[in-house]
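**Q** heads up, no residue letters with this:
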């Protein structure tokens, strides 16, 4: 695995940690693992070298309905990206490894923990209304 790919998956693991943090800080929000990477599931005796096993996760309400779904590209993908998909919406956001190789960005804009929390706040406010 290249250094750039490893940096991408570390940024993905960081985003998952932010999602866990958001769920822990907000009542009625749960972090739910949706799927594991297939190369983790079928690794056999081969060591697993990604910083997380999670391919897809969501911030869900107490009824286990996903409000925000996040997923990362598989290892074999040429173009690595994270997709943030508000559930029941046709709109989604694509994040890639930032130009400096640390963290994720949406085009030229760095995607921060604050941006994730703001997005989740907006989505959960709409879901409750």
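**A** Right, received. Where do you want to start? Because the structure is predicted, anything quoted here is derived from the model rather than measured.
**Q** dump the residue contacts of residue 124.
**A** Shown in contact with residue 124 (Cβ atoms under 8 Å, 6 or more residues apart in numbering): 26, 28-29, 59, 61, 67. Glycine gets a C-beta too; all of them are placed from N, C-alpha and C.
**Q** can you give me the mean pLDDT across stretch 115-124?
**A** Per-residue pLDDT over stretch 115-124 has a mean of 96.
**Q** and it, which residues are buried?
**A** Under the neighbour-count criterion of 16 or more other Cβ atoms under 10 Å, stretch 115-124 has 115-117, 119-120, 123-124 buried.
**Q** could those go into CSV alongside secondary structure?
**A** Listed next are these as CSV, based on DSSP: H, G, I helix; E, B strand; the rest coil:
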residue, secondary structure
115, helix
116, helix
117, helix
119, helix
120, helix
123, helix
124, helix
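**Q** Among those, find me the one that's closest to residue 106.
**A** Using Cβ to Cβ, residue 115 comes nearest to residue 106 of those, at 8.4 Å.
**Q** low pLDDT regions in the protein?
**A** Low-confidence segments of the chain, defined by pLDDT under 70: 44-45, 127-129.
**Q** which stretches of it form helices?
**A** For the chain, the helices defined by DSSP state H occupy 3-25, 38-41, 113-128.
**Q** hmm, back to that, out of the buried residues of stretch 115-124, which one sits closest to residue 46?
**A** Out of these, the member with the shortest distance to residue 46 (by Cβ to Cβ) is residue 116, at 32.3 Å.
**Q** pretty sure the closest one contacts residue 16?
**A** No: the criterion here is Cβ atoms under 8 Å, and residue 116 misses it with residue 16 at 10.5 Å.
**Q** Give the residues shared as contacts by the two.
**A** What both residue 116 and residue 16 touch, as defined by Cβ under 8 Å, 6+ apart, is an empty set.
**Q** got the contact list for the closest residue to residue 9 other than its chain neighbours?
**A** Of all residues not flanking residue 9 in the chain, residue 50 sits nearest, at 4.9 Å (Cβ to Cβ, 6 or more residues apart in numbering). Going by Cβ under 8 Å, 6+ apart, residue 50 touches 9, 37, 39-40, 75.
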